[in-house]
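In: model this:
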Amino acid sequence: MASHNDTGKTGEELALAYFLQLGYTMLHRNWRHSHWEIDLVLSRNDILHFVEVKCLRSGRFGYPEEKVNKRKLQHIMNAAEVFLEKNPVWKKIQFDVLSVILEGNNGKPEYFLIEDVYL
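Out: Residues are numbered from 1 along each chain as shown. Here you go, the predicted model:
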């Protein structure tokens, strides 16, 4: 497996642990429809969260959240629309981006959560 795939997988594992620690409930990981994918589908306080996780080994060449562009957000929203058609019980939804830097300033992972993202 390529190094960037390992980084992404590690980032998603850390992201899931981060959200579980904050009291979220995991519903799906890597939920797919057609060519669209949502990294994490979580719930907390009756809100459904669609989360895009971006991870880099370090912040040397920019921040992970800078890798989430308009096209990527549109894909997540398209996938979320299909998810909601299949699971119509949710009244409130939110799109979030979690940025993870594996080797932060203190050598530990650093997290930056951007909540309620829209185009």
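In: Find the helix or strand that Q94 is a member of.
Out: strand 92-101 (DSSP states H and E).
In: Sheet partners, orientation included, of that strand?
Out: Strand 92-101 pairs in its sheet with strand 47-56 (parallel), strand 110-114 (antiparallel), by DSSP bridges.
In: I'd like to check the angle between the helix or strand containing A79 and strand 92-101, please.
Out: Element membership for A79, per DSSP H and E: helix 70-86. Here helix 70-86 runs at an angle of 140 degrees relative to strand 92-101 (axes from the mean of the first three to the mean of the last three C-alpha atoms, to 10 degrees).
In: where does the protein dip in pLDDT?
Out: The chain contains residues with pLDDT under 70 at 1-5.
In: hmm, try it at 50
Out: For the chain, no stretch has pLDDT under 50.
In: Settle this for me: K67 is touching C55, isn't it.
Out: No - counting by C-beta atoms under 8 Å, K67 stays clear of C55, with 9.3 Å between them. Bear in mind the C-beta positions are built from the backbone N, C-alpha and C, glycine included.
In: of those two, who's got more company?
Out: The neighbour comparison of K67 against C55 (other C-beta atoms under 10 Å) goes to C55, with 22 against 14.
In: Which residues lie in contact with the more buried one in this structure?
Out: Residues near C55 by C-beta atoms under 8 Å, 6 or more residues apart in numbering: 7-8, 10-12, 14-15, 64, 99-102.
In: Identify the bridge partners of the residue nearest the centre of the chain.
Out: For the chain, the residue nearest the mean C-alpha position is E52 (2.4 Å; C-alpha atoms, centre = their mean). Following DSSP bridges, E52 is listed with bridge partners V97.
In: by contact count, what packs against the helix holding A79?
Out: Helices and strands touching helix 70-86, by 3 or more C-beta pairs under 8 Å, 6 or more residues apart in numbering; DSSP states H and E, are strand 25-33, strand 36-44, strand 47-56, strand 92-101.
In: Pull the contacting residues for Y24.
Out: Contacts of Y24 by C-beta under 8 Å, 6+ apart are 42-44, 49.
In: Distance of it relative to L98?
Out: 11 Å (C-beta to C-beta, to the nearest Å).
In: Understood, closing this out.
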